[in-house]
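[1] Sharing a model that was predicted from the sequence below.
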Amino acid sequence: MTEWWTYRPSDFLLFSPRTYYRLFELYNAEVWPAHLLALGLGLALWLAFWQRRAWAAHAGCVLLAAAWLWVAWAFHWQRFASINWAATWFAAAFALQGLLLCIAAATARGRSAAAPGPWRHVGLALLLFALLVQPALGTLLERSWQQAEWFGLAPDPTALATLGVLLLCPRAAATADAALKPTAAWWLWPIPLLWCGVTGMTLATMQSADAMVLPGAALVALAALWRARVT
């Protein structure tokens, strides 16, 4: 019997990189032109946060809830599970996050946008990165543009956009004059952060050059959140 310490992470990978990215290619072909709707809504949300619209936090939670629920069913459950048995658990986690965001949407109604600060700039940058840069990463790494990962349709940009929005959604201030800082709803953070770690390990096992993008973004988001809480 082979000793357990002789195994490498790649020994537990149930699919090849070619199969993984081919899955996105087929998925994109099947759901087109939903990409245009998701991108348009995402950019409208970014603009609303940039302009500090009063309804931005509520709209952000609603849009993200729909995105997480869609990815749970359409990507993880219907497609990714065909090549990875763990995807059924991913689907459950994404569905749970979608339900939590539905709850958050009710409490976010009527709040103003987060006050100006470093965390707000980070939130806007992460959201814009998820919308525009993340889909282009594959092309920059010489993968087909048909395999691009889009916000609202694929898990990685959806999780990244969520971290950005969480930094932009405020919590209730103690007084009317107090600056609104990022949301205190700590229960919205664990699943997006954990997914950044999961996808980072998966891509690292496949020796993908963008393996550290989401783990790095998660660390940036946590640093911005910590900065907001101590200032």
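    Nice, thanks for sending it over. Residues are numbered from 1 along each chain as shown.
[2] Identify the residues contacting residue 88.
    If you count contacts by CB atoms under 8 Å, 6 or more residues apart in numbering, residue 88 has them with 76, 77, 81. C-beta coordinates here come from the backbone N, C-alpha and C atoms, glycine included.
[3] Do you have the helices of the chain handy? List them.
    17-31, 34-50, 56-70, 87-108, 118-128, 134-140, 155-168, 190-205, 213-230 (DSSP state H).
[4] Nearest to residue 146, out of those?
    Proximity to residue 146 (CB to CB) singles out helix 17-31 among the helices of the chain, at 4.8 Å.
[5] Show me how far stretch 46-64 is from its chain's centre.
    Here stretch 46-64 is found 16 Å from its chain centre; the criterion is CA atoms, centre = their mean, to the nearest Å.
[6] just for the chain, where's the confidence low?
    Scanning the chain for pLDDT under 70 picks out the ranges 1-14, 108-116, 170-184, 230-231.
[7] Centroid-nearest residue for it?
    Residue closest to the mean C-alpha point of the chain, counted by CA atoms, centre = their mean, is residue 159 at 1.1 Å.
[8] Return the entry from the contacts of residue 88 with the maximum number of neighbours.
    residue 76 (22 neighbours; other CB atoms under 10 Å).
[9] quick one, what contacts that one?
    Counting by CB under 8 Å, 6+ apart, residue 76 makes contact with 87, 88, 90, 91, 94, 155.
[10] The fourth one - nearest residue in space that isn't next to it in sequence?
    The one in question is residue 91. residue 76 (3.7 Å; CB to CB, 6 or more residues apart in numbering).
[11] correct me, but residue 157 touches residue 137?
    No. Shown here, residue 157 and residue 137 do not form a contact pair, counting by CB atoms under 8 Å, at 9.5 Å.
[12] what residues are shared contacts of the two?
    Joint contacts of residue 157 and residue 137 (CB under 8 Å, 6+ apart) are residue 149.
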